[in-house]
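Visitor: Have a look; sequence and predicted model below, questions after that.
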Amino acid sequence: MSKPDRSATKAHLVGGGIASLAAAVILIRDGDLLGKNITIYEELDRIGGALDGAGDAEHGYIVRGGRMIESKYLCTYDLFSSVPTLDGKQTVTQEIMQWNEIIKTGSKSRLVRAGHKIDAPEFGLSEKHILTIEKLMVEPEGLLGNSRITDHFDEAFFQTNFWFMWCTTFAFQPWHSVVELKRYFVRFTHMVDGFNELRGIMRTYYNQYDSFVLPLRKWLDERAVQFQLGTTIKDIAFTDRDGETFADALAFERAGESGSIAVEPQDVVIATLGSMTEASSNGTMDDVPVLNDKRTGGAWALWETIAQGRPELGNPANFADHVDESKWMSFTTTLKNTQLFDLIRDFAGNVPGEGGLITFTDSAWLMSIVLPHQPHFIGQPDDVQVLWGYALSIGKPGDHVGKPMSTCNGREIMTELLGQLGSSDRAEAILAGAICLPCIMPFITSQFLIRQKGDRPQVHPKGYANFAVTGQFCEQPDDVVFTVEYSIRSAMTAAYSLLHLDRKPPAVFKGQLDPRNLYKAFRALHDTNG
């Protein structure tokens with residue numbers, strides 16, 4: 001059977017995050033589209049979305065966050081098995097696998113209490129807590145509805161080591177959707193054993209912008225994919241005919257000027273709806289980042305516009321109108337002397353890149369930090385180190401600065417961190433060689449908010465001939481949001497469905513069906529692995 005001629009098919013990809021980049025690769029690799037006929041539209045001046053990384057040693061490096069990866073991200077590794085590293089010596093997937101054979105995560109200080117690190121903390125769950133977890137894993141999502149985590153667990157649960165480790169690893173808040181928590185329990189059953197040491201969590205060699213986004217950009221550039229940066233898609237016009245709905249025009253704004261792009265019936269439009277990092281604001285050592293809302297940027301506005309009168313395209317207000325429940329702050333610190341880096345390394349007992357997240361359970365902000373493998377950025381000087389941290393309770397006064405994190409600049413955040421480390425007496429010397437850049441993100445956990453059926457649209461909404469959606473705010477049963485895997489899976493699903501290809505993304509790994517994983521998880525939850 002001959003392949004269809006797609007030499008004239010154009011693809012319009014809205015958003016420059018990992019979902020659109022992945023979709024472009026799949027359209028070329030599996031769908032035989034010509035790269036020159038694919039255009040990616042991004043409102044910012046750089047691509048990558050949440051997988052960002054920027055700056056330099058002089059002015060400070062910054063990453064807003066880093067998504068966890070693990071060995072069962074089958075879509076991610078499928079995609080990157082086709083993308084060479086920047087030096088072309090191997091694929092990105094091969095690089096990740098090889099690197100994680102060299103540096104295996106095994107935390108010796110996952111939690112810090114009363115100034116002392118805890119090596120392999122016990123979970124500390126009661127039998128009631130364990131039974132609730134087990135019940136959630138088997139209860140249908142429809143019965144859980146739009147309930148919150150707090151609707152299912154007592155106050156004691158939120159003081160357990162298990163919760164401190166789980167919520168900071170994945171950024172859950174007590175008021176978030178219990179359906180999303182259930183999905184995480186199921187999806188990562190195979191990782192519960194060893195979770196108190198972060199065993200099984202994998203890392204890229206550099207930050208995810210340098211390790212994921214730059215190789216993707218190089219691959220796409222080599223195939224003449226078009227990037228329209230600084231371009232905001234304001235609206236997508238749809239036409240209903242012959243029982244199907246077609247996207248037939250994109251309204252855009254670029255450099256203050258408006259225009260329209262025609263879409264032919266044989267073309268495809270794939271839009272990333274919503275954004276975790278939309279309206280992010282950076283601070284400095286002396287300046288506090290500003291808390292923005294959905295009016296900053298165009299991601300939420302586009303979704304709101306196209307969903308009007310089309311309930312099958314979801315309910316963006318559910319995710320965009322609750323900033324108080326979806327915001328937190330991260331910070332990236334560039335160090336020009338080794339005092340602090342050495343202090344944390346020696347305290348934690350892990351080489352950088354091996355230990356993963358360190359959480360200060362007594363911190364009013366619930367602050368966590370990580371020492372990545374160095375260099376964390378391509379071109380980072382040998383005498384410069386970079387650490388990253390974040391906090392979930394940014395509205396509470398700090399234990400050492402007496403202010404909410406949301407009102408702190410980089411200097412004050414570092415002062416709080418040094419207090420948590422019991423090293424306030426070394427603050428002057430350490431701060432003299434530090435550049436801490438805080439970042440507040442109003443929507444960073446909006447994908448975890450309670451929701452109802454239909455709030456998230458299907459990847460390929462029923463009845464739409466040439467339009468699909470991707471990213472963190474579409475519905476994909478069995479998989480979990482806030483992951484690179486979720487975005488890439490949505491990109492594969494969109495591309496295969498729109499092009500009517502007889503293939504599907506790799507199935508979600510279901511480790512919960514393996515009795516061995518269940519047995520190990522059962523023992524771990526009961527603290528009987530020793």
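Guide: Sure, I can see it.
Visitor: what is the mean pLDDT for the top helix by length along the chain?
Guide: In the chain, with assignment by DSSP state H, the single longest helix is helix 484-498. Mean per-residue pLDDT for helix 484-498: 98.
Visitor: and the helix or strand just after that helix, which residues are buried?
Guide: Moving toward the C-terminus from helix 484-498, the next helix or strand (DSSP states H and E) is helix 515-525. For helix 515-525, burial by neighbour count (16 or more other CB atoms under 10 Å) applies to 517-518, 520-521, 524-525. All C-beta atoms are positioned from the backbone trio N, CA, C, and that covers glycine.
Visitor: which of those residues lies closest to Phe157?
Guide: Nearest to Phe157, judged by CB to CB, of the buried residues of helix 515-525 is Leu525 at 12.3 Å.
Visitor: What sits closest to the closest one if chain neighbours are left out?
Guide: Ile130 (5.0 Å; CB to CB, 6 or more residues apart in numbering).
Visitor: Quick check: that neighbour vs Ala521, distance?
Guide: Ile130 is 10 Å from Ala521, where distance means CB to CB, to the nearest Å.
Visitor: same check, this time on Asp502
Guide: For Asp502 relative to Ala521 (CB to CB), the value is 36 Å.
Visitor: what's the answer for Glu155, then?
Guide: Counting by CB to CB, the gap from Glu155 to Ala521 is 24 Å.
Visitor: Might you list the low-confidence residue ranges for this structure?
Guide: Scanning the chain for pLDDT under 70 picks out the ranges 1-2, 530.
Visitor: Would you map out the domains in it?
Guide: Using the TED database, the domain parsing of the chain gives 11-55+62-96+206-276+293-321+451-499, 123-202, 324-441.
Visitor: okay, now Gly259: neighbour count?
Guide: Gly259 has 11 neighbours, counted by other CB atoms under 10 Å.
Visitor: For it, pull up the helix or strand it's in.
Guide: With DSSP H and E as the criterion, Gly259 is inside strand 257-262.
Visitor: Show me the contact partners of the helix or strand just after that strand.
Guide: Going down the chain from strand 257-262, the next helix or strand is strand 268-272, by DSSP H and E. Strand 268-272 has contacts (CB atoms under 8 Å, 6 or more residues apart in numbering) with 9-15, 17, 19-20, 23, 27, 49, 233, 236, 247, 250, 263, 299, 302, 306, 466-471, 487, 491, 494-495, 498-499.
Visitor: Show me the residues you listed that map onto helices.
Guide: 19-20, 23, 27, 299, 302, 306, 487, 491, 494-495, 498.
Visitor: Using the three-state scheme, assign the closest residue to Tyr61 other than its chain neighbours.
Guide: Nearest residue to Tyr61 in three dimensions, chain neighbours excluded: Gly55, at 4.0 Å (CB to CB, 6+ apart). Secondary structure assignment for Gly55 (DSSP: H, G, I helix; E, B strand; the rest coil): strand.
Visitor: State the distance from Gly55 to Trp99.
Guide: Distance from Gly55 to Trp99, by CB to CB: 23 Å.
Visitor: repeat for Asp52
Guide: From Asp52 to Trp99 the distance is 20 Å (CB to CB).
Visitor: what about the two, which has more around it?
Guide: A count of neighbours by other CB under 10 Å puts Asp52 above the other of Asp52 and Trp99, at 22 against 17.
Visitor: SS state for the more buried one?
Guide: coil.
Visitor: Might you report the residue contacts of it?
Guide: Counted by CB under 8 Å, 6+ apart, Asp52 has contacts 46, 62-64, 209, 213, 277.
Visitor: Only whichever of these are buried, select them in ChimeraX.
Guide: In ChimeraX, a selection of the buried entries from the contacts of Asp52 looks like this (16+ other CB under 10 Å):
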select :46,62,63,64,209,213,277
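Visitor: Reformat the contacts of Asp52 as a markdown table; add distance to Pro457.
Guide: A markdown table is the format used below for the contacts of Asp52 (distance: CB to CB, whole Å):
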| residue | distance to Pro457 |
| --- | --- |
| Arg46 | 27 |
| Ile62 | 32 |
| Val63 | 30 |
| Arg64 | 25 |
| Tyr209 | 28 |
| Val213 | 26 |
| Thr277 | 20 |
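Visitor: need the contact list for the residue nearest to Ala299 when sequence neighbours are not counted.
Guide: Nearest in space to Ala299, with sequence neighbours left out and distances taken as CB to CB, 6+ apart, is Ser275 at 3.9 Å. Applying CB under 8 Å, 6+ apart to Ser275 gives the contacts 15, 17, 49-50, 297, 299-300, 443, 471.
Visitor: Am I right that Ser275 is in a helix?
Guide: No: Ser275: not assigned to a helix; according to three-state DSSP it is coil.
Visitor: quick one: it from Lys182, how far?
Guide: Distance from Ser275 to Lys182, by CB to CB: 25 Å.
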